[in-house]
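Novice: here are the coordinates; sequence isn't available:
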């Protein structure tokens with residue numbers, strides 16, 4: 001308080017002195033005194049000092065009528081039933097109004113100390129999908145009335161696309177990239193925003209850079225501007241494009257990702273504390289999987305700079321492709337992933353003052369592969385895939401509610417010029433993820449998942465195992481021949497160190513079941529696992545698929 005009073009006294013005294021200087025200067029100019037230049041010079045220096053040190057009523061060390069970094073022409077704001085939020089910076093004594101259509105909104109302004117910068121915010125009424133709109137921001141302060149106009153703004157659904165290099169993987173790197181780029185101009189109501197890769201040890205309130213402001217799709221906006229992994233995300237694009245083909249209203253896609261990064265970097269300190277990893281080193285992450293862009297691995301560094309700044313922006317949901325950099329130490333992922341999802345939801349809900357759903361839909365790609373097909377290499381990928389579902393094998397489930405998944409285990413790309421860990425078929429991935437999203441996020445009556453086992457029948461005399469899928473309601477087809485194993489004699493749950501033997505597919509007793517034969521050397525079969533390899537099958541050649549939607553059954557490990 002004493003320092004504040006001293007500052008006010010200094011500023012008031014200095015202001016009084018300056019007024020005196022003005023009078024002296026005026027008198028000496030009238031008298032023709034040759035020392036006028038000296039006083040004028042002193043006057044200029046003092047006013048500069050005032051501008052840097054003193055804050056008078058109505059002044060602020062920030063631009064008047066400045067919006068947050070991710071508001072611009074061509075953007076998409078979240079449609080009804082949610083309230084879109086518009087916010088920015090201003091003079092702390094300014095009056096801010098925002099006009100959308102025929103409706104005028106008056107902003108509330110908060111003062112953020114110690115900078116004394118005004119932060120204003122407007123929560124719009126729920127708006128139907130469509131557009132375009134001009135959004136006009138009026139800022140009136142002691143200096144003037146200024147306006148900022150955002151043109152061609154649409155209302156629709158906004159999706160966050162985050163993760164590591166397979167989410168950063170660009171459209172022109174995917175199969176038929178040139179064709180995909182050229183056809184993108186047919187989707188002017190999909191809008192794109194690419195967040196710049198920045199890291200921070202503390203949370204930012206606003207983004208510190210964009211690779212691309214809100215833009216309409218084109219070969220230029222979707223193509224890479226650097227060698228690799230810059231923008232725009234192929235999976236994000238194909239997911240959003242497939243949604244648009246069904247929904248037929250505007251879709252906003254925000255790409256915020258960084259190759260080679262572990263989940264800890266995208267998680268808040270609250271997540272790390274909950275899972276007991278706040279002080280845990282992330283040095284065990286798989287450095288060999290970083291790809292062309294080597295990203296940071298410090299806990300919360302990307303949460304601070306590339307997620308936290310977006311929390312004031314209302315969204316529909318998020319999709320995620322990450323996990324490769326956690327495969328060298330996969331066990332913590334079980335807690336981290338589900339906790340991160342719930343933490344994002346809670347903090348986005350708070351940041352938008354309830355406008356973003358507290359349980360917003362969250363989709364993810366189950367890890368694809370990283371090596372060439374081999375029946376010998378188990379690797380860490382199967383364990384992490386299992387933990388992505390909280391060891392259920394499917395989503396949504398009792399723990400991961402309103403979550404959807406795209407299975408990519410049968411989409412290997414051993415000839416990818418970016419390495420087999422970066423498969424180029426992001427089209428199928430986007431289609432599978434959007435199909436699941438249509439069911440979970442939009443409630444559409446579509447078949448969105450591959451077959452999953454619901455019961456097992458073991459015949460110890462004939463040494464056969466019958467697996468029934470989807471409660472007998474599935475219609476499955478068999479493609480590949482191998483992929484099943486049974487655990488012999490181990491105490492449930494069977495582990496990597498127990499004896500596992502191949503189980504051969506011998507037929508289909510019904511359209512919803514398969515029969516396996518095995519030999520356990522006079523021991524009981526206690527568990528069964530499926531596709532428990534880094535790369536268990538060739539392209540679209542895993543054993544079990546759905547007849548209805550051609551989706552593969554996901555990997556699993558279950559007790560008998």
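Specialist: That came through fine. Predicted model only: the values in this text are computed from it and were never measured.
Novice: ok, now how distant is residue 314 from residue 257?
Specialist: 21 Å (Cβ to Cβ, to the nearest Å). Bear in mind the C-beta positions are built from the backbone N, C-alpha and C, glycine included.
Novice: so for these two, which sits in the more crowded spot?
Specialist: More neighbours surround residue 257 than the other of residue 314 and residue 257, with 31 against 25 (other Cβ atoms under 10 Å).
Novice: which strand residues bridge that one?
Specialist: Counting by DSSP bridges, residue 257 forms beta bridges with residue 163.
Novice: now residue 193
Specialist: Beta bridges link residue 193 to residue 254, judged by DSSP bridges.
Novice: where along this protein do the helices fall?
Specialist: Listed in chain order, the helices of the chain (DSSP state H) span 2-31, 36-53, 165-168, 177-183, 219-222, 234-247, 269-274, 301-302, 333-351, 381-388, 426-440.
Novice: surely residue 353 meets residue 124?
Specialist: No. If you go by Cβ atoms under 8 Å, residue 353 and residue 124 don't touch, sitting 11.9 Å apart.
Novice: more neighbours: those two, which one.
Specialist: It is residue 124, of residue 353 and residue 124, that has more neighbours when counted by other Cβ under 10 Å, with 21 against 13.
Novice: how about that one, what does it touch?
Specialist: 77, 83-86, 98, 100, 103, 105 (Cβ atoms under 8 Å, 6 or more residues apart in numbering).
Novice: any weak-confidence spans in this structure?
Specialist: Within the chain, the ranges that satisfy pLDDT under 70 run 1-64, 112-116, 224-230, 278-295, 372-375.
Novice: could you chop this structure up by domain?
Specialist: The chain breaks down by automatic domain parsing into domains covering 2-53, 154-440, 453-559.
Novice: mind listing residues that contact stretch 347-362?
Specialist: Contacts of stretch 347-362 (Cβ under 8 Å, 6+ apart): 78, 82-85, 123, 268, 308, 311-320, 341, 344-346, 401-404, 437, 440-441.
Novice: residue 550 versus the residue nearest to residue 439 when sequence neighbours are not counted, what's the distance?
Specialist: Distances taken as Cβ to Cβ, 6 or more residues apart in numbering place residue 448 nearest to residue 439, at 4.0 Å, with adjacent residues excluded. Here residue 448 is placed at a distance of 12 Å from residue 550 (Cβ to Cβ).
Novice: quick one, which of the two is more surrounded?
Specialist: residue 448 (21 against 14).
Novice: can you give me the neighbour number for residue 212?
Specialist: Residues near residue 212, counting by other Cβ under 10 Å: 18.
Novice: again with the one 3 residues further on
Specialist: Number of residues near residue 215 (other Cβ under 10 Å) recorded here: 19.
Novice: for the one 5 residues further on, same thing?
Specialist: Each residue near residue 220 was counted by other Cβ under 10 Å, and the total is 11.
Novice: what about it, distance to residue 185?
Specialist: Applying Cβ to Cβ to residue 220 and residue 185 gives a distance of 10 Å.
Novice: hmm, residue 125 is touching residue 81, no?
Specialist: No. Using Cβ under 8 Å, residue 125 is not in contact with residue 81, being 10.7 Å away.
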